[in-house]
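fold the following.
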Amino acid sequence: MPPDRPDEWAGGGASADYRGRLRVSEALAAAAREVTDPRRVPDALCAACVRLLPVSGASVSISGGRGVQMTWCASDRVAARLAELQYTMGDGPCHSALEQGAPVLASDLTAGRDARRWPIFAHEAVGLGVSAVFSLPLGVSGAALGTLDLYCDRVGGLSEPDLRTALWVRDAVTYALMSTQPAHPGTEEATDEEVASWVEASEADHTEVYQAVGMVMVQLDVDPEQALDRMRARAFVEGRTVSQVAREVLARKLRFEPEPGGENGDDGPQDDGRRDGEGRDGDRS
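The predicted structure follows:
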């Protein structure tokens, strides 16, 4: 919120902060106005984040509970793939930012501490051309409702002024998310319905994951986290996303079965996913 009296922001750091926040707010508002299709507004906001900061791409992911996230918007395909990669693996800077409720700044995924902290994620991210990731939790009072993830195609951290701008962007995105409420027929304007549809559209893929997790729980007699972990492992081994695996489970094209002798489906590293019509060795029966 701006200060109550103009003399409070006459010169000094308070004035600079106010101008900085105002610049961020105006840039995001302008990006939204330039889009003719309301469904593309979130992606336009992510693209505006990239123009405001020295980064290669940005994405916003909403947390749907422990281990579950959905991508709300992304500036480009690499940013979207990076967000899906962290969701599929259940690991990465965004998960750490959600757990800690604080920014996680990984300035070098190619080597050193950051590469060792998330070794598999770092390897896959570098394969996408990503060398650094900065994940900022969205939310208020320590309750994170998602993350703003920024990536760079080069090694290096954010300068102090750039980090300050990134936090202002984070605040603006948090406000946009918290202001997005489901529309009620006859009580909201059409534009509000369109705003609500942004989140609803992002939720669609991950509703499928929730449903598939339930089916895998029954198939393997395991808890939700174990079922999701098994789906993630299958997706990673096959180079796919967990959303794609979920669709096959729901379509009855893929079934998970515990290996003989496994306890509660905990059958070790062997592949336990079987597509309909396949024998235990993967051959068509």
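
and the gap between R240 and V126?
19 Å (CB to CB, to the nearest Å). All C-beta spots, glycine's among them, are computed from the backbone N, C-alpha and C.

ugh, typo on my part, it should be W72
25 Å.

between those two, which one's more packed in?
Per other CB atoms under 10 Å, whichever of W72 and V126 has more neighbours is W72, with 26 against 14.

now do the SS call for the more buried one.
strand (DSSP: H, G, I helix; E, B strand; the rest coil).

from V50, how far off is it?
Distance, W72 to V50, by CB to CB: 16 Å.

can you check Q100 too?
Applying CB to CB, the value for Q100 to V50 is 25 Å.

these two - which one has more neighbours?
V50 (17 against 13).

okay, the more buried one: pLDDT?
With respect to pLDDT, V50 scores 93.

mind listing what it touches?
V50 is in contact with S56, G57, A58, S75, counting by CB atoms under 8 Å, 6 or more residues apart in numbering.

what's the closest of those residues to G157?
Taking CB to CB as the measure, S56 is the one of the contacts of V50 closest to G157, at 14.2 Å.

number of residues surrounding the closest one?
S56, neighbours per other CB under 10 Å, totals 19.

where does it fall, phi/psi-wise?
Dihedral pair for S56: phi -90, psi -30, per degrees, to the nearest 10.

residues touching the closest residue to it other than its chain neighbours, list them.
Leaving aside its sequence neighbours, S56 sits nearest to D153 (CB to CB, 6 or more residues apart in numbering; 4.6 Å). Neighbouring residues of D153 by CB under 8 Å, 6+ apart: S56, G129, V130, S131.
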